[in-house]
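Undergrad: Sequence first, predicted model second:
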Amino acid sequence: MADTENLAILLTDMVGFTERSSSQSRADFHDLLKNHDQILKDTALLYSGEWVKSTGDGMLVVFRSPTNAVQCGMAMQDALAEYNHQNPAEDQIHIRVAVNLGEVRREGNSDIFGEAVNVTARIESLTPTDQVYFTQAVYLAMNKAEVPSERVGSETLKGIPEPVDIYRVPAGQAMRLVTTGEPMQGEGVPYPFGGMPHARLGGTAPTNRGRTWRWAKRAGMVLLVLFVLAVLARRGEDREHPPALPASPAATTPDTANGDRASALHTLNVHTRPETARVRILNIKPAYTPDMALQPGRYHVEVALDGYQTDRRWIDLERDTEITVALTPVPVTAKMPETAPPAVTDAILRRNDMFLTLSGTVQGHDFYLQRHPHSDWAEGIRVANQNDRAALQRLRERAEANHVEAQLTLGWLYFQGKGVRQSAREGAKWMELAYRSGDPLATWFRGMAAIGQADRPKGKARKSRGLEFIQQAADRGEPLGELSLGIFHANGEHVQKNDQTAVRWLRKAVDRGMPFAESMLAGMYLEGRGVDRNLDEAVRLLRSSAARQDPTGQYYLGLLHEKGFGVKKDAGQARRLYRAAADAGYAEATRALNRLR
């Protein structure tokens, strides 16, 4: 018996298929289809797509996630843009991609049927070359923070009784911080969608795709849930993909058993100043070695050293070649962000850094201890991690003297059983004392604790009450309340998604000096969500956040410097910013450093 499921359906179609099938030799046409199928099938796998069947000049793929389906279509177009960039016009592949969402009927594992499939086919016939069209059903269900969209219009489709609203993914978008993966920006490749993670001939992109800026739920007993906006950047290797070599893409060493092959090789020697600089050849897998024997072709050579401008150049290897590359030192003035931030109180920075450590955005507690060694929360960290009895005594004395932060910290320790005997009763006592003080910080803690219990009985009521507490804290000027409401509205967490409201609350937190809020508001400006796109304002906010030593701002500013987006492309500056964020315990920055090595 056939099963029905609600799935996202992706359909592709190769442009000019009929003409090419009649004009090319059978061998050439077979190779064309083989390359087409390999690139598209492997890319679909990266986005958890299930290949259903080939349509001859296209393919049908289904997804559980509408967001994955649209992103896969974008990635397919980027993958073919890279392939086309490396091949002459007669060998290029251009496709149309359509995506729809609806109920389908399965026939075994070989096919699907239903009106949703028919709508997808009709949309595909309207889609222009190299573009991605999708229906309103997909638009309403997908995560709009991860996919840019633009309404095309309403169309009456053959055999479909009601008009269908159609959307498209606009090409040529600015690099987005809210995305599935960091754009790869290959050397000279005209990626229509910024270089989405995709497969290519001879291998696929790593599956450890970058994280979106989203909130991750962190629960602790009856105390706390935080939702933290995480990173744009793609994990993994450096993503510059140059044109394929005229000969084999893999370097080889002389084969003494084959004289003809050995005679076709040439040696490449790269001398560097300073001599300690690292040499890489970016478009082959083997690591560079002096007197390296390579086949004739074009090679992308990189010479890099911390503190110096990175040198990248193409070398046409037609004979034994020696080159000398002298690196230029980075000016001292380029080592720090250009904009100094206005003064911010220690209380605001403590809230910012408490938020980062509690939520797990920054791994480890050294970051907080080094910046705020004499704060109540630092005493709590010493108790929790080092079983420091003297710190516990100091914390208790301050809590008994009605210091709100000390009471909150002590309550958290008892709830968690960190460094003290676990006791929900004792924890609730200290939390309640803090809340009765009327301090907005305590009100925010209580609100987040209530939201953290939303999966328990009366969860809906608890969440509603928690939001009331957070709203109260924000209305009374608590920057953590303003920050939380901004992110809830930006992501549709616990409240209806509203970008304009999100921007309003984030701006309030920024005005109070919260560096983390600056980083997130920068993402809204880069996305054009709730505000007009403004690259200059985004860069200004990230510079301010980075200058306050906020690791998220340091990381994202480093990403812009690495890509040359809105700022000067400067790998050395990117490394310095990544290093500062990595030293604070920001895991994405560590991965970025590994990518640049």
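TA: Perfect, thanks for sending it.
Undergrad: residues contacting M14?
TA: Going by Cβ atoms under 8 Å, 6 or more residues apart in numbering, M14 touches H36, D57, G58, I93, H94, I95. In short, each C-beta sits where N, CA and C put it, glycine included.
Undergrad: Of those, just the buried ones, ChimeraX syntax please.
TA: Filtering these down to the buried ones (16 or more other Cβ atoms under 10 Å) takes a single ChimeraX command:
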select :36,57,58,93,95
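Undergrad: Which members of the contacts of M14 occur in helices, if any?
TA: The helices, defined by DSSP state H, take in H36 from the contacts of M14.
Undergrad: just the contacts of M14: which has the poorest pLDDT?
TA: Across those, the smallest pLDDT goes to D57, namely 80.
Undergrad: That one and F17 touch, don't they?
TA: Yes - between D57 and F17 there is a contact at 3.7 Å, judged by Cβ atoms under 8 Å.
Undergrad: Just the pLDDT for P342.
TA: pLDDT recorded at P342 is 49.
Undergrad: actually F469, not the one I typed
TA: Per the predicted model, pLDDT is 87 at F469.
Undergrad: go on, the one 10 residues further on?
TA: The per-residue pLDDT reported for P479 equals 91.
Undergrad: Same check on the one 10 residues further on?
TA: In the predicted model, H489 carries a pLDDT score of 89.
Undergrad: what about it, which helix or strand?
TA: helix 479-491 (DSSP states H and E).
Undergrad: What helices and strands are in contact with the following helix or strand past that helix?
TA: Counting by DSSP H and E, the next helix or strand C-terminal to helix 479-491 is helix 499-511. Under the contact definition 3 or more Cβ pairs under 8 Å, 6 or more residues apart in numbering; DSSP states H and E, helix 499-511 sits against helix 479-491, helix 515-527.
Undergrad: Can I get those helices in TSV including distance to A589?
TA: As requested, the helices and strands packed on helix 499-511 are arranged in TSV below (distance: least, Cβ to Cβ, whole Å):
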stretch	distance to A589
helix 479-491	21
helix 515-527	13
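Undergrad: Need the ones you listed in CSV (columns: mean neighbour count and distance to D316).
TA: Below are those laid out as CSV (neighbours: other Cβ atoms under 10 Å; distance: least, Cβ to Cβ, whole Å):
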stretch, mean neighbour count, distance to D316
helix 479-491, 26, 49
helix 515-527, 27, 38
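Undergrad: Among those, single out whichever gets nearest to H85.
TA: H85 sits nearest to helix 515-527 of all the helices and strands packed on helix 499-511, at 25.7 Å, using Cβ to Cβ.
Undergrad: Show me what whichever helix or strand comes after the closest one is packed up against.
TA: For helix 515-527, the following helix or strand on the C-terminal side (DSSP H and E) is helix 535-547. On a contact count with 3+ Cβ pairs under 8 Å, 6+ apart, helix 535-547 meets helix 515-527, helix 551-563.
Undergrad: Packing partners of the first one?
TA: If I follow you right, that is helix 515-527. Secondary elements touching helix 515-527 (3+ Cβ pairs under 8 Å, 6+ apart): helix 346-359, helix 479-491, helix 499-511, helix 535-547, helix 551-563.
Undergrad: which element follows the longest one toward the C-terminus?
TA: By that I understand helix 346-359. helix 366-371.
Undergrad: who are the neighbours of that next one, in terms of helices and strands?
TA: Using 3+ Cβ pairs under 8 Å, 6+ apart: helix 366-371 touches helix 346-359, helix 376-386.
Undergrad: just to revisit the earlier point, in JSON lines, list the helices and strands packed on helix 535-547 along with mean pLDDT and distance to E379.
TA: Compiled in JSON lines, the helices and strands packed on helix 535-547 are given as follows (pLDDT from 0 to 100; distance: least, Cβ to Cβ, whole Å):
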{"stretch": "helix 515-527", "mean pLDDT": "91", "distance to E379": "23"}
{"stretch": "helix 551-563", "mean pLDDT": "91", "distance to E379": "23"}
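Undergrad: Out of those helices, flag the one nearest P329.
TA: Closest among the helices and strands packed on helix 535-547, using Cβ to Cβ: helix 551-563, at 16.7 Å.
Undergrad: Give the next helix or strand downstream of the biggest strand by length in the chain.
TA: Longest strand in the chain by number of residues (criterion: DSSP state E): strand 95-107. For strand 95-107, the following helix or strand on the C-terminal side (DSSP H and E) is strand 111-113.
Undergrad: how about the closest residue to A592 other than its chain neighbours, secondary structure?
TA: With Cβ to Cβ, 6 or more residues apart in numbering as the criterion, A592 has its nearest non-adjacent residue at 4.7 Å, and that residue is Y578. Three-state assignment for Y578 (DSSP: H, G, I helix; E, B strand; the rest coil): helix.
Undergrad: My read is that Y578 contacts A589, right?
TA: Yes - applying Cβ under 8 Å, one finds Y578 in contact with A589, separated by 4.5 Å.
Undergrad: Next, show the common contact partners of those two.
TA: Joint contacts of Y578 and A589 (Cβ under 8 Å, 6+ apart) are Q554, Y555, G558.
Undergrad: For the contacts of M14, give me CSV that also has distance to Y525.
TA: Below are the contacts of M14 laid out as CSV (distance: Cβ to Cβ, whole Å):
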residue, distance to Y525
H36, 38
D57, 42
G58, 38
I93, 36
H94, 34
I95, 33
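Undergrad: which residues touch Q363?
TA: G585, Y586, A587.
Undergrad: What about the residues you listed, which one has the most neighbours?
TA: Counting neighbours by other Cβ atoms under 10 Å, Y586 comes out on top of the contacts of Q363 with 24 neighbours.
Undergrad: so how far is T120 from that residue?
TA: 41 Å (Cβ to Cβ, to the nearest Å).
Undergrad: Which of the helices and strands packed on helix 499-511 sits closest to H266?
TA: Of all the helices and strands packed on helix 499-511, helix 515-527 comes closest under Cβ to Cβ, at 44.6 Å.
Undergrad: Sounds good, over and out.
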